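> Fold the following for me, if possible:
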Amino acid sequence: MAQSCACGSDCARSRRENGRIGVGLALALGAEAAEWAGLADAAPAVLAALAIAIAGREVLWHGLRALAQLRPNIYLLMTLAGAGALVLGKWGEAAVVLTLYALAELLEQRAAERSERSLRAALELAPNEATAQHPDGTWQPTP
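Take a look at the predicted model:
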């Protein structure tokens, strides 16, 4: 079972995800650089395949699932963008698209978690009861 730290998040999971996305992004940028440098096709292809396997696999998996279920979504769109880049022989671009979208998903998830923690903290500050004034001028505690 995952342990949460004092901030309320699973820091070990966060570090793994940060590392996975960071390595994937470095590999994707390496694939781009290899393409720009005009290296043999194998170098960008290998770097891009590793980047997609490490950082873009969830995007790819969700996209393929959406296609199989005939339920288009943003994952399918990103998967098609990556596939289009691969068809054009642009390995680096495919890796960058999928990796950057994986990074965007991670950032969105973190923002949602922070918002949820902030909302819970604000709700904890709310009193259990309030004193309300009735039309006749009397005050009475109400839950």
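
> other SSEs contacting the one helix or strand Leu67 maps to?
In this structure, Leu67 is located in helix 57-68 according to DSSP states H and E. Contact partners of helix 57-68 among helices and strands, from 3 or more CB pairs under 8 Å, 6 or more residues apart in numbering; DSSP states H and E: helix 74-87, helix 91-125. The way it works is simple: take the backbone N, C-alpha and C, and place the C-beta from them, glycine included.

> quick one: which of these is nearest Leu64?
Closest approach to Leu64 among the helices and strands packed on helix 57-68 (CB to CB): helix 74-87, 6.4 Å.

> got a markdown table for the helices and strands packed on helix 57-68, with mean pLDDT and distance to Thr131 too?
Compiled in a markdown table, these are given as follows (pLDDT from 0 to 100; distance: least, CB to CB, whole Å):
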| stretch | mean pLDDT | distance to Thr131 |
| --- | --- | --- |
| helix 74-87 | 96 | 48 |
| helix 91-125 | 94 | 17 |
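
> Reformat the ones you listed into TSV and put distance to Glu35 next to each item.
As requested, the helices and strands packed on helix 57-68 are exported to TSV (distance: least, CB to CB, whole Å):
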stretch	distance to Glu35
helix 74-87	11
helix 91-125	5
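
> Quick one: the ones you listed as JSON lines, columns for mean neighbour count and distance to Gly22 too.
As requested, those are exported to JSON lines (neighbours: other CB atoms under 10 Å; distance: least, CB to CB, whole Å):
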{"stretch": "helix 74-87", "mean neighbour count": "18", "distance to Gly22": "19"}
{"stretch": "helix 91-125", "mean neighbour count": "16", "distance to Gly22": "9"}
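
> This completes my enquiry, with thanks.
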